[in-house]
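Asker: coords please:
(chains A and B)
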2 protein chains.
Amino acid sequence: MKFSHSLTFRGLVCVVLMLVAAAATAADPLPSWNDGPGKSAIIEFVSKVTTPDSSGFVPEPERVATFDNDGTLWAEQPMYFQLLFALDRVKALAPQHPEWKTREPFASLLKGNVKGALAGGEHAIMDIVMETHAGMSNTEFEQIVKEWIATATHPTTHRPYTEMVYQPMLELLDYLRANGFKTFIVSGGGIEFMRPWVEAIYGIPPEQVVGSSIETKYELQDGKPVLVRQAAIDFIDDKAGKPVGINSHIGRRPVFAAGNSDGDLQMLEYTTIARDSADTTPRFGLLVRHTDAKREWAYDRKSHIGQLDKALDAASQRGWTVVDMKTDWKVVFPDN
Amino acid sequence: MKFSHSLTFRGLVCVVLMLVAAAATAADPLPSWNDGPGKSAIIEFVSKVTTPDSSGFVPEPERVATFDNDGTLWAEQPMYFQLLFALDRVKALAPQHPEWKTREPFASLLKGNVKGALAGGEHAIMDIVMETHAGMSNTEFEQIVKEWIATATHPTTHRPYTEMVYQPMLELLDYLRANGFKTFIVSGGGIEFMRPWVEAIYGIPPEQVVGSSIETKYELQDGKPVLVRQAAIDFIDDKAGKPVGINSHIGRRPVFAAGNSDGDLQMLEYTTIARDSADTTPRFGLLVRHTDAKREWAYDRKSHIGQLDKALDAASQRGWTVVDMKTDWKVVFPDN
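Answerer: Just a heads-up that it's a prediction; the model follows:
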C-alpha cells in the first residue's frame, strides 16, 4: 500500500514537472523583457552555466543567485517601504506613548511632518526603528508585518506594496530557479520584515533571506519559548556587509548577483571578480537602473535613496549588465 | 532540440527518483537501529507528518530538522575535534611563532602538555582558537580545514575524523530527507570549520550549516575580493544561542531537533514546546545518550565535554526521545 501510494504520488509530481519544464522551455522565459542586450546577456549566461560538458558549466548546488530587494525586486520611492511601515507603526502606537507628543522625531511625525522628523538623520531613523521594531517577540512582530503588508497601500500609487514588485524581476527569479539556481534575497532591509511575505510574493523561503537584524534574546515566558527583539543592532547587511552576510548565511560565493545601488557594489564585486587566473567560472552582475519617471521613478547619482553612482562607474569596468528600466522592460509592475 | 533535451533529462531524473523512492519505502529506512521505542518513535513521527489529510500533516517547506554536530553526528571525545584541529595547527604554526616557546598556553602545548595548557580555561582556549582560526582569508581557512580533515586521525582510534560519524545518524538524516525534510546542522562548533566537509559526509550543504563564528571583514586585496577572518567572536551558537542562530539562519521553527548535551537544551525546548493550545503540530526532540564505553564512550551528567544533565531531566518532562547508544544502535561508526 505504502509502496504504490508513494510511487503514484511521485509519478504524478514527475509528470507535472516534465510538463512545466516543456512549457517553460518552449515559451519565452522573460516575456516582460524587451529583446536587447540585457535580456540576451542573461539568457546567454544561463545557457552557458547549464550546458553540461561546456567549459562554463556550473553544478546545480553552486548556482547561487543573490538579489537586493529595495529598488531591485520592489520599488523604494518616495522612501524605503520599511520606513513607511515604521511611520505607520508610530501612528498606530501613539496612543500608548503620550510622551511622543513632545519627543522628537515622534512629535514631528505625529504632526504629519515626515521631512522634519527625518531631518534628525540617522539618529532619528534609528530611534523610530527601535521603537517600532523592538520590544516584542519574533512571532508578534511577524504578525504585525503580516497585517501591515496585507492592508497598507503606497502613498502615491495607492497600490498594496506587494503589487509594487517588478514583473520582469519576478520572471527572472522564476527563470533562474527553473534552471537549477537557488535564489536568495540579500537586502539592507530587515530580515524579519521581509520573511513574512517574500515566500508568497517572490517564491523565496525564509531560510534564503539575508538582511539586517536587531539582536534577539531567547527566553521561556510562562514556560513558552520566545525570542524577544532587543533594541540593539545585530548586523547591517549593506555595502561591505553584504559579502559578510552572504558568507554567513550561504557559505558559497554567488555566481549571479543583482542590485540597483551603491549599497550593492561590494556584493557585485564579491560575486563577479575572479579570484585568480584559475577561476574561470562564468559570473553575472546585474544593475537595475531607474530611468522611467513615467512608469516608476527616475533617479541615480544624486538620489538620497538608492543612490547609484560608484556602482554605475564600476559596471562598465567590471562588465556588469545595466538594465535600463525604460527601454528594457515591457511592463514594470504586474497587472492587477 | 532544447525542448526534447530538457524533457529527456528531466524524465530520466524522474525515473531515478521513483526507483529510489520505491526502494526506500520497501526497505528498512534505519537498518543500523535496533527495533525498540526510539526507532519506533522516529518512524511514527515521520509517518504522521508526511500523511496528507492527517491532523499531524506538516507541509514540506516546514519540515525543518536541526542537528547538533559534536556528540550527535560525530564523536567528541577525548575533546571536541575542532580543539584537536587547533592543537594540530599550533604545532604546524610554531616555527613562525618563536615567541610561543615562552608564552602560555602555547609553551605547554608545544611541550605536549595539553592538560596544562587547557588549565588556563576559557581564556587559554580562546587564545588558541584566535591564533589558529583568525588572520587569514576565508578561502585560506577553508583550504587549511580541507587538508586537515583529509589527513588527520583521531588520537585513540587512529581513524580519520570523518569516519567517526555515527552510522545510525547518517541513516536518520537520509531518512528525513527522503521524507521531504530539510536537514540543518546547528552546532556550537565553528561554522567555517564544518562547511568544508559536511556536505560530502552528511549531505548537508553550506547554506544549511549554523554554527559559531568569528567576525569577518570584506576588502579588496590587490583588486581581489576577500573576507578576512578577524580575532573577535561574532556569535556563539550554543545553549540559548541555538534558538537565536536557528531563527537568524532558518527563520522557521524546526519540527525535529536532535542533540546530546545541555548545550542543546534550548534548541529542543524551542523546537518542541507548543506555543499555545492552537499549536498542535507534531514535534520531535531527540537526545543521543553516550552509554557505550566499549564501542564509543560513556559519559553524561559529570562530563566536562558534552555534559548531559539538565537536558536529561528535561527529556522525561518534555517527552523527548532518549537514544541509548548501547542498546539502540546496532553499529556506531560506519564500516571501513
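Asker: Please, where are all the strands along the stretch 51-200 of chain A?
Answerer: Counting by DSSP state E, counting those that start in this stretch, the stretch 51-200 of chain A has strands at residues A:64-67, A:182-190.
Asker: Export only the CA atoms of the longest one, formatted as CSV.
Answerer: Going back to what we said before, that points to strand A:182-190. This file holds the C-alpha atoms of strand A:182-190, laid out as CSV (Å, rounded to 0.1, in the frame of the first residue of the first chain):
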residue,chain,number,x,y,z
LYS,A,182,18.8,28.7,-5.6
THR,A,183,17.6,32.3,-5.3
PHE,A,184,18.4,34.4,-2.2
ILE,A,185,17.5,37.9,-1.1
VAL,A,186,20.4,39.9,0.3
SER,A,187,19.0,43.2,1.4
GLY,A,188,19.8,46.1,3.7
GLY,A,189,16.2,45.8,4.8
GLY,A,190,15.2,43.9,8.0
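Asker: Give me the sheet partners of that strand and which way each runs.
Answerer: strand A:64-67 (parallel), strand A:209-221 (parallel) (DSSP bridges).
Asker: can you redo those strands as CSV with mean pLDDT and mean neighbour count?
Answerer: (Each C-beta comes from the backbone N, C-alpha and C, glycine too.) Rendered in CSV, the data for these read as follows (pLDDT from 0 to 100; neighbours: other Cβ atoms under 10 Å in any protein chain shown):
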stretch, mean pLDDT, mean neighbour count
strand A:64-67, 98, 26
strand A:209-221, 98, 19
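Asker: Which one of those lies nearest to A:G135?
Answerer: strand A:209-221 (10.2 Å; Cβ to Cβ).
Asker: And the next helix or strand past that closest one?
Answerer: As assigned by DSSP states H and E, the chain's next helix or strand after strand A:209-221 is strand A:224-235.
Asker: Would you mark the buried spots in that next one?
Answerer: Residues A:P225, A:V226, A:L227, A:V228, A:R229, A:F235 are the ones in strand A:224-235 that count as buried (16 or more other Cβ atoms under 10 Å in any protein chain shown).
Asker: Also near chain B: which of the residues you listed, exactly?
Answerer: A:P225, A:L227 (Cβ under 8 Å from any Cβ of the partner chain).
Asker: Just the closest of the buried residues of strand A:224-235 to chain B, please.
Answerer: Taking Cβ to the nearest Cβ as the measure, chain B lies nearest A:P225 of these, at 4.5 Å.
Asker: Quick check: the closest one touching B:I273?
Answerer: Yes - with contacts counted by Cβ atoms under 8 Å, A:P225 reaches B:I273, the gap being 5.3 Å.
Asker: Could you list the residues in contact with stretch A:217-226?
Answerer: The contact list for stretch A:217-226 (Cβ atoms under 8 Å, 6 or more residues apart in numbering or on different chains) reads A:137-139, A:227-228, A:230, B:240-244, B:266, B:269-270, B:273-276.
Asker: of those residues, buried ones?
Answerer: A:S137, A:N138, A:L227, A:V228, B:A240, B:G241, B:K242, B:P243, B:V244, B:Q266, B:E269, B:Y270.
Asker: where along chain A do the helices fall?
Answerer: A:2-26, A:37-50, A:81-93, A:106-110, A:114-118, A:121-133, A:138-151, A:167-178, A:191-202, A:241-249, A:265-272, A:310-318, A:325-328 (DSSP state H).
Asker: Provide a list of residues in contact with A:V49.
Answerer: A:G56, A:F57, A:V58, A:R63, A:N179, A:V255, A:P282.
Asker: So among the residues you listed, which ones count as buried?
Answerer: A:G56, A:V58, A:R63, A:N179, A:V255, A:P282.
Asker: Tell me where chain A is predicted with low confidence.
Answerer: A:1-26, A:336 (pLDDT under 70).
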